[in-house]
Each structure stands twice: as C-alpha cells, then as structure tokens.
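K.L.:
Quick check, what structure comes out for this input:
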Amino acid sequence: MGVDPEIELSAAEARGVALGAQGMGRRRPGGRIDAGRLRRGIEDVGLLQLDSVNVLCRSHYLPLFSRLGPYPRGILDRLASHADTAAGSATRVGRDRSLFEYWGHEASLLPVELQPLLRWRMARAEKLTERPARLLAAEKPDLLESVLRTVRERGPIRAAEFATPVRKPGNPWYNWSEGKIALDYLFFAGRVCAAHRVRFERRYDLPERVLPAAVLDGPTPSEDEAQRQLLMIASARLGVAAEPDLGDYFRLPRAESKTRVAELVEAGALTPARVEGWSAPAYVTAGRLPVPAREARALLSPFDPLVWSRPRTERVFGFRHRIELYTPAAKRLHGYYVLPFLLGDSLVARIDVKSDRGAGVLRVLGAFAEPGAATGAVALELADELRLLAGWLELEHVSVARKGDLAGKLAKAVTAGQRSGSEH
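P.N.:
Residues are numbered from 1 along each chain as shown. A predicted model of the protein is given here:
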C-alpha cells in the first residue's frame, strides 16, 4: 500500500507472534475450567466456526480444547444455547447469553457484542446471500413475510417444519423447500435468529426473543466503521497479517478490506511490517505486538482460526493444508478428517482421526510427519495429546492404523502410554 514498514520480523518471530495472538503461549489450566476460562479462550480466537461434520466431534468444540485442554463441553453449549434436549422443546433463551450464530467466518458462533458490527452484512442480504435465496426474496416477498409471521407466532421453530421440496437437478439446494430457503434469507438478513440448537439443528426465533436488549438497542455503526472494527479484531487475533488474512477473518469483500486497511494505516491503528519470506506487505496492531509463543502443543481442527486460511498457513508455517472432506476417497492424500499437530512453534505432523463411539475407541486412520520433523519426539508428544483427546471425548482407547510414515512410531508410543496408564 505504498507505506514503508516500521517493524521487521524474521519468519520465526512472525510464527511466534501468530501463535501468541491465538492464545497458544498460555499454559493450559490445571484445575477446573469454568465459564470464565472458556470466555477467555473464545476471546483468544474471536469466533468459533461451525461445521456439520461429526466424525470426531463438532468442530466448534475443538479450538477451545486445543488451547485449554479437556473442558466441560456443556459449558460451551450453555454459552451458545445448544442443547441435546427433546426436539419439541421451545424454551425461551435467557437474556444473558454470550454467543450468537451468524455469518462471521462462514457460519460461526460469535460474541453477542459483535452483532452491531455485522448489521452491514445483514443489510446486504439481497446481494450477498446464495442465488436461490436472492431470487426467492425478489420474486416472492409475500412468502418471506409469511415465513416471518410463522416464526413470530410459533418460534422457536425448525426449518424442517416448512415443507414442499423444490427439486432442480444440479442445484445443491434441490431438496430445500421454499419456506426453508426463505428462512435462510431471513437469517442472513438478521430478521430471525438461531434461538438454540437441538442435536445441532437450529431453532429459529425473532431477534428480540433471542439477543439481549442492550445489544439490539445499541447504535448501528456505519459500514466503513464496522468493517474497520472487525479488521482490528482480526489483527489482534492474527498478531501479524497480510491484508487478505485480515479481511478473510470476517470474510469482508476484498475491495472493501483493502480500502479499510489503508484507512487504518493512515489513522495509525495498524503499523506496516515486513516479514522474512513474505512477498505481501504485513501489518500489526499499533502498539500491540503479542508476546511470541514457542512451546505450544495442540491438535487443531481443520476449521481452527490458526489454520483455516490455506495461503496464510503455508506462509506462516510452511505447511500445505488441504481439507479433503469433499475429495473422493481415492484422491485423498491424508484422509477425510485431518488434524494438524502443533508442537513447539511448528506444525510437525497431521493425523486422520475419527471417534468410534460404539467401540469406545479414538481411531487414528493415518499419521504423517512433516519433512524434517523429529519423528520419535513427535510420536511421544502426539500420543500424549491423543490420550488427552480420547479422555475428553469419553473414549476408552486410542488405536493407530498402519497408514502414514509416522504410524509405526505413533502406535508404539500409544501402546506404551496405555500400558503405563493401566498399571497405575
């Protein structure tokens, strides 16, 4: 952006700063983990991305485990108003909820205080929603009002209660009813909210029956001011970042992200930086370079903010991260649900993993070391982390298949650890 850098960082320093900004340098709690500690963990990451895949556990639980270790998932459920209760439950959510659902970085759980900063996105629903929703909103406004009226009268309500499938070959929305598409549009537009979830299925209601009045009654910032604030939140959680990294955190339109970053640099809120090996200009929050982290250890969800951006992950860690969930099995390099393993300040391995809940086993279907990793030490640390993960998921054992160059050493380390644990 034509501004000379004021800070220069080596590649190793940038790695440490990125980890520190995400709370990875903080020692995991040794005692009981309560709602306050969870809120601090959520503050570290800024938001929790949601995903429906449940082969290990729902992805939004994992970033907090990565930073805090085993914590009661029920606490996060309460903060997010998720519950495994009867499908017919229609209990109103209390006004002290901490998190709400909206499009942050994809579908996300976000602190309720961020809702005003996302109203600009809600106001652009007619341009930013998926094409079927945009078309339906334009062609059938009366249907939108009918669906909204139903929510007002019967909410919290499931999308499945709106029937009449629309089937169009080749359309990924082919089995969605018009009512469900209308509901999705209203959700994007902020006219309805996710009141709570039951078995991961949303129950929709009016915002005034879901969100705290203090949030809803708060002023709406201008679009440019809201975007600047979101970029500053992203900057604090990235530590050091290129402009695309900053804009991607809350999925800002690229042209607007570039403009807002330039404005923040001009205002002195962001400081330009140069990072060894980066071709793109970098930025840090003015006066707030995080304390670098060097001794982290964590398994990371593929949707963890530390690795969700593939270009940034490769730039910061030299780690090529590809999510292969939707890749045909025969073409997958590493597996279906692959977790990178962070050790020290590097991503040193990755594992394909699943929960076999029926057998009570955490199954490692493949284990792969990164080039140059000390595989013996990595296997020991990874085995320990896997035992911790299995216990948190209420699984009794860890099993390691033979796939991958790290599998043999990891299997031996897991077996030795489980034998040692049984002797105690």
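K.L.:
Run through the stretch 101-250 of the chain and note the low-pLDDT ranges.
P.N.:
Low-confidence segments of the stretch 101-250 of the chain (pLDDT under 70): 163-175.
K.L.:
give me that answer again for 80
P.N.:
162-176 (pLDDT under 80).
K.L.:
What ranges does it have for its strands?
P.N.:
Under the criterion DSSP state E, counting those that start in this stretch, strands of the stretch 101-250 of the chain are mapped to 106-111, 193-198, 201-205, 241-242.
K.L.:
buried set for the first one?
P.N.:
Neighbour-count burial for strand 106-111 flags 107-111 (criterion: 16 or more other Cβ atoms under 10 Å). C-betas here are computed from N, CA, C, even on glycine.
K.L.:
among the strands of the stretch 101-250 of the chain, which is nearest Tyr249?
P.N.:
Proximity to Tyr249 (Cβ to Cβ) singles out strand 241-242 among those, at 8.3 Å.
K.L.:
Who are the packing partners of that closest one?
P.N.:
strand 282-285, helix 310-317 (3 or more Cβ pairs under 8 Å, 6 or more residues apart in numbering; DSSP states H and E).
K.L.:
Which strands border it, and is each parallel or antiparallel?
P.N.:
Partners of strand 241-242 in the sheet, by DSSP bridges, are strand 282-285 (antiparallel).
K.L.:
most tightly surrounded among the helices and strands packed on strand 241-242?
P.N.:
Ranked by mean neighbour count, the helices and strands packed on strand 241-242 are led by strand 282-285 with a mean of 25 (mean count of other Cβ atoms under 10 Å).
K.L.:
Check the offset of that strand from the chain's centre.
P.N.:
For strand 282-285, the separation from the chain centroid amounts to 22 Å (computed by Cα atoms, centre = their mean, to the nearest Å).
K.L.:
Can I get that strand as PDB, trimmed to CA atoms?
P.N.:
C-alpha atoms of strand 282-285 as PDB (Å, rounded to 0.1, in the frame of the first residue of the first chain):
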ATOM      1  CA  ALA A 282       2.200  -7.200   6.600                       C
ATOM      2  CA  TYR A 283       0.500  -5.300   9.400                       C
ATOM      3  CA  VAL A 284       0.400  -5.400  13.200                       C
ATOM      4  CA  THR A 285      -1.900  -3.700  15.600                       C
END
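K.L.:
one step back: now distance to Leu76 too, for the buried residues of strand 106-111, in a markdown table please.
P.N.:
Shown next, in a markdown table, are the buried residues of strand 106-111 (distance: Cβ to Cβ, whole Å):
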| residue | distance to Leu76 |
| --- | --- |
| Ala107 | 16 |
| Ser108 | 13 |
| Leu109 | 8 |
| Leu110 | 13 |
| Pro111 | 13 |
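K.L.:
For Ala267, the count of nearby residues, please.
P.N.:
A total of 10 residues lie near Ala267 under the criterion other Cβ atoms under 10 Å.
K.L.:
Please tell me how far Arg191 sits from Arg124.
P.N.:
13 Å (Cβ to Cβ, to the nearest Å).
K.L.:
more crowded one of the two?
P.N.:
Arg191 (19 against 14).
K.L.:
Identify the residues contacting the residue lying closest to that one once chain neighbours are set aside.
P.N.:
Counting by Cβ to Cβ, 6 or more residues apart in numbering, Leu148 is the residue found nearest to Arg191 once chain neighbours are left out, at 6.1 Å. Going by Cβ atoms under 8 Å, 6 or more residues apart in numbering, Leu148 touches 186, 191-192.
K.L.:
do the same with Pro5
P.N.:
272-274, 281-282.
K.L.:
Make a markdown table out of these and add distance to Ala213 and pLDDT.
P.N.:
Formatted as a markdown table, these follow (distance: Cβ to Cβ, whole Å; pLDDT from 0 to 100):
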| residue | distance to Ala213 | pLDDT |
| --- | --- | --- |
| Pro272 | 41 | 96 |
| Ala273 | 41 | 96 |
| Arg274 | 47 | 96 |
| Pro281 | 42 | 95 |
| Ala282 | 41 | 97 |
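K.L.:
Return the residues in contact with the closest residue to Ser346 other than its chain neighbours.
P.N.:
Once flanking residues are discounted, Ser346 sits nearest to Phe317: 6.6 Å by Cβ to Cβ, 6+ apart. The contact partners of Phe317, taken as Cβ under 8 Å, 6+ apart, are 15, 307, 346-347.
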